[in-house]
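> Predicted model and sequence below, questions to follow.
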Amino acid sequence: MISRTTPAPHPPRRRDPRAERAATNHHAKAARRAASFALALALAAILPLAGAVAQRRASHVGVGQAAPVQSSQRRTSGASAGVAQAQSSRPRLVLLIVVDQFRADYLERFGDLFAENGLRRLAARGAQWTNSNYDHMPTYTAPGHATTLTGTYPAENGIVANDWYDREAGRVVSNSSDPEDRVENGKYVSRWQLLGGGAAEHASSPRRLLASTLGDELRLATNDRAKVIGVSVKDRAAILPAGRHANAAYWFSPVTGNMVSSSYYFADLPAWVKKFNDARPADKYFGRRWEYLLGSDAEYVRRQGADAPAWENIGNVPGDTNKFPHTITGGADKPGAAFYAALDASPFSNDMLVEFAEAAIDNEALGADADADVLTVSFSANDYVGHRYGPYSHEMMDITLRVDRQIGALLDYVDRRVGLQNTLVVFTADHGVAPIPEHATALGLPGGRVNNADVMTAIKNGVRARFSKSADKDTTADYVVEPSLNDNVFFNVVALKRDGVERADAERVACEAALTVPGISRCFTRTQLVAAEVPQSDVIARRVLHGFNQRRSGDVVVLYEPFKYLGDAIPATHGSPYNYDTHVPMIIMGAGLAPGRYPQAATPADIAPTLATLLRVQPPSNATGRVLTEALAER
């Protein structure tokens, strides 16, 4: 573990238009109105009237039937109908909704229990891709969120995991730590200041992201008039979709109970965020009982089985058990760090996030003018609950139903403030989740847990047997770097060169050794992946390739068998290239898209290129996803 202490004072931030906007807000608004009116006049002269929306409806299973999206003109003052039509052709807000660890099959398993204004509304009025899969591994939170609005994979955007071993730094780094963060005398020193957090916490930034996002491109196209804001409980889920040039990202501090940010964005929290924190919104949930949303357990038992089966071994969770109802205290007698950690793994942190997102819409005037803004909202509680109880638990079913209602409340708010007819809404997830291995075994599936230490021991023994220059002394002891993360194994390249060992030979020997461990199914070498020596028709190998970044990934990538975990002791997890981890929902609702269910293969990497087409801006720098032309309405 990396030792973290109070961040060192950061040097004065260089002059940045984002920091100056607050001081010139009045003049900026006036200029914005004038510029948007001039743009509308120009567009009215060259754009044809919008064509009829293609009627491409197929019956929707589980989440309701579609209704045509009614167009609505935006408010204008003294403008012609043509100008109004040209203005309304550009959305005023892009709302990305990500539910952490929301599997695609949840839409079908629970869709008949969804409310009319939540996911059922999105499915009825939006374009839904039923065969949407992440085309990379590992399927973790940071890579998934980075993919959504960069339009590309870890191989290109650089976010290869939540944490990874950095060869140059010689230590493990976080996806949202800053490249200039450092460790001095065993203490972590952050480049930036965490605003609103605790003394032991460190700040975050998007500077490890190697690509622009849709929001970055919008701000470039509008001379920074567009606003881009990301919010979540997790820092990575707020930071990465918003991008490097975002106005702000906000996340929850489990130490102070505040919504916090980084001095990367501004010198101090905005007044409205301080006001939000002063009300102590998290603390009102202290002692709250999480009970069945549907009132009784009957429907949960019918769909999920009995509550609290043996495989839901959540361990020692202070103040809680693995059985409904759950009292949210964290074992504490008053709000504090223990309670805030417990709040994360409850639906109430999602409620708080909706409150904050609504405050951001109002106080940042998102969607208030002709320059499209971006708001990304990622619901993290579902992931915490899924890890603890698994995808077939009562808790996962209940929080799925609750996040549907929470999304409905957020959509209603956007409709009142901006108008859904003026909004592009995207709904997806960052990854899925595998069944708990012990549950899989009980069902006759090949579940199991592979000890990572067994894999590393096999590799070290294989390397020693092949390359050691002495029978009495292991001259290869420093060849393999510890720890192994994200199913990647790193070699000490300096040690290999010292002893005249070819890197490719070491990789091959390591893979052969790893495959002797029961539960390991495949192994890929750096040499193989750099040369792209995997057939595109091999879906699993292709996902490994898309997750491999030459500077940040390891020398060997080990893949375990389906329904098995490698090195994880928690009840449920994700990360594999298998469908239960890659298959996620993907719905886009808004003008320019024909509502319907689309069976074409798609990936969340397709979201950003498609939105860029609808917004008529440059796609993100490294975008490799396709434009989802099958759903574009006729123009």
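It's in.
> Helix or strand: which one has Val172?
If you go by DSSP states H and E, Val172 is part of strand 171-174.
> Any idea how many residues pack against the residue nearest to Val501 when sequence neighbours are not counted?
Spatially, and ignoring its direct neighbours in sequence, Val501 is nearest to Phe467 (5.4 Å; CB to CB, 6 or more residues apart in numbering). (C-beta placed from N, C-alpha, C; glycine too.) Counted with other CB atoms under 10 Å, the neighbours of Phe467 add up to 19.
> Need the phi and psi values for Phe467.
phi -120, psi -10 (degrees, to the nearest 10).
> mind listing what it touches?
Thr475, Thr476, Tyr479, Asp499, Val501, Ala506, Val509 (CB atoms under 8 Å, 6 or more residues apart in numbering).
> Check Asp404 too.
So Asp404 contacts Phe110, Phe114, Ala115, Gly118, Leu119, Arg120 (CB under 8 Å, 6+ apart).
> could you flag which of these are buried?
Phe110, Phe114, Gly118, Leu119, Arg120 (16 or more other CB atoms under 10 Å).
> The second one touches Met397, doesn't it?
No - no contact is recorded between Phe114 and Met397 when judged using CB atoms under 8 Å, the distance being 11.9 Å.
> gap between the two ends of stretch 329-345?
11 Å (CA to CA, to the nearest Å).
> cool, and stretch 206-225?
20 Å.
> how far does it sit from the chain's center?
17 Å (CA atoms, centre = their mean, to the nearest Å).
> And for stretch 107-125?
21 Å.
> likewise stretch 432-450?
Here stretch 432-450 is found 24 Å from its chain centre; the criterion is CA atoms, centre = their mean.
> Pull out the buried positions in that stretch.
432-441, 447-448, 450.
> Could you do stretch 101-120 as well?
Buried residues in stretch 101-120, defined by neighbour count with 16+ other CB under 10 Å: 101-107, 109-111, 113-114, 117-120.
> And for stretch 387-402?
387-402.
> coming back round to it: closest one to Ala282 out of the contacts of Asp404, please.
Gly118 (23.4 Å; CB to CB).
> In strands, which of the buried residues of stretch 432-450 appear?
Members of the buried residues of stretch 432-450 lying in strands (criterion: DSSP state E): Gly448, Val450.
> Which member of the buried residues of stretch 432-450 is positioned nearest Gly257?
The closest of those, once distances to Gly257 are taken by CB to CB, is Val433, at 27.4 Å.
> Test my guess that that closest one contacts Asn579.
No - Val433 lies out of contact with Asn579 (CB under 8 Å); the separation is 11.6 Å.
> hang on, the earlier thing: give the next helix or strand downstream of the strand holding Val172.
strand 182-184.
> farthest-separated two in the buried residues of stretch 387-402?
Top of the distance list for those (CB to CB): His387 and Leu401, 18.7 Å.
> List the ones among the buried residues of stretch 101-120 that fall in helices.
Per DSSP state H, helices hold the following members of those: Tyr106, Leu107, Arg109, Phe110, Leu119, Arg120.
> related to what we said a few turns ago, okay, the buried ones among the contacts of Asp404 in a markdown table with distance to Leu632 and pLDDT next?
Converted to a markdown table, the buried ones among the contacts of Asp404 look like this (distance: CB to CB, whole Å; pLDDT from 0 to 100):
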| residue | distance to Leu632 | pLDDT |
| --- | --- | --- |
| Phe110 | 30 | 98 |
| Phe114 | 27 | 98 |
| Gly118 | 25 | 98 |
| Leu119 | 23 | 98 |
| Arg120 | 24 | 98 |
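> any chance of those in JSON lines, with distance to Thr603 too?
Converted to JSON lines, the buried ones among the contacts of Asp404 look like this (distance: CB to CB, whole Å):
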{"residue": "Phe110", "distance to Thr603": "24"}
{"residue": "Phe114", "distance to Thr603": "24"}
{"residue": "Gly118", "distance to Thr603": "24"}
{"residue": "Leu119", "distance to Thr603": "20"}
{"residue": "Arg120", "distance to Thr603": "24"}
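> Would you double-check that Thr148 falls in a helix?
Yes - counting by DSSP: H, G, I helix; E, B strand; the rest coil, Thr148 is found in a helix.
> Would you map out the domains in this structure?
Domain ranges of the chain: 54-73+83-436+581-631, 448-570, per automatic domain parsing.
> which of the ones you listed is buried the deepest?
domain 54-73+83-436+581-631 (a mean of 21; mean count of other CB atoms under 10 Å).
> quick one: that domain to chain centroid distance?
That offset, for domain 54-73+83-436+581-631, works out to 6 Å (CA atoms, centre = their mean).
> do the same with stretch 627-635
Distance, centroid of stretch 627-635 to centroid of chain: 25 Å (CA atoms, centre = their mean).
> Now it: average pLDDT?
Averaging pLDDT along stretch 627-635 gives 88.
> Stretch 342-351 too?
Taken as a whole, stretch 342-351 has a mean pLDDT of 98.
> Quote the end-to-end distance of that stretch.
Start-to-end, stretch 342-351 (CA to CA) is 14 Å.
> which outside residues touch that stretch?
233, 252, 254, 282, 285, 288, 290, 317-320, 326, 328-331, 352, 379-382, 384-385, 388, 398-399, 402-403, 406.
> In strands, which of those appear?
Secondary structure assignment by DSSP E places Phe252, Trp290, His326, Phe379 of the contacts of stretch 342-351 in strands.
> partner residues bridging the first one?
Right, the one you point to is Phe252. Met259 (DSSP bridges).
> Numbering from 477 from now on, please.
Yes, from this point I'll number from 477; that puts the last item at Phe728.
> separation between it and Asn734?
8 Å (CB to CB, to the nearest Å).
> right, and Ala918 touches Trp787 too?
Yes - between Ala918 and Trp787 there is a contact at 7.0 Å, judged by CB under 8 Å.
> List the residues that contact Pro1061.
Contacts of Pro1061 by CB under 8 Å, 6+ apart are Phe578, Ala580, Tyr582, Leu583, Gln604, Ser608, Phe903, Thr904, Ala905.
> got these as TSV, with pLDDT columns?
Shown next, in TSV, are the contacts of Pro1061 (pLDDT from 0 to 100):
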residue	pLDDT
Phe578	98
Ala580	98
Tyr582	98
Leu583	98
Gln604	98
Ser608	98
Phe903	99
Thr904	99
Ala905	99
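> Please narrow the residues you listed to those residing in strands.
Per DSSP E, the contacts of Pro1061 map to strands at Gln604, Ser608, Phe903, Thr904.
> How about Pro867, nearest residue that isn't a chain neighbour?
Pro867's closest residue in space is Val909 (CB to CB, 6+ apart), at 5.1 Å.
> Return the residues in contact with that neighbour.
For Val909, the contacting residues are Gln577, Arg579, Gly862, His863, Gly866, Pro867, Ala1048, Thr1049, His1050, Tyr1056, Asp1057, by CB under 8 Å, 6+ apart.
> Give me the subset of these lying in helices.
Gly862, His863, Tyr1056, Asp1057.
> Nearest residue to the middle of this structure?
His621 (2.8 Å; CA atoms, centre = their mean).
> and that residue, helix, strand or coil?
Relying on three-state DSSP, one would call His621 helix.
> That one and Val574 touch, don't they?
Yes - here His621 reaches Val574: they are 6.5 Å apart, a contact under CB under 8 Å.
> Many thanks, I have nothing further to ask.
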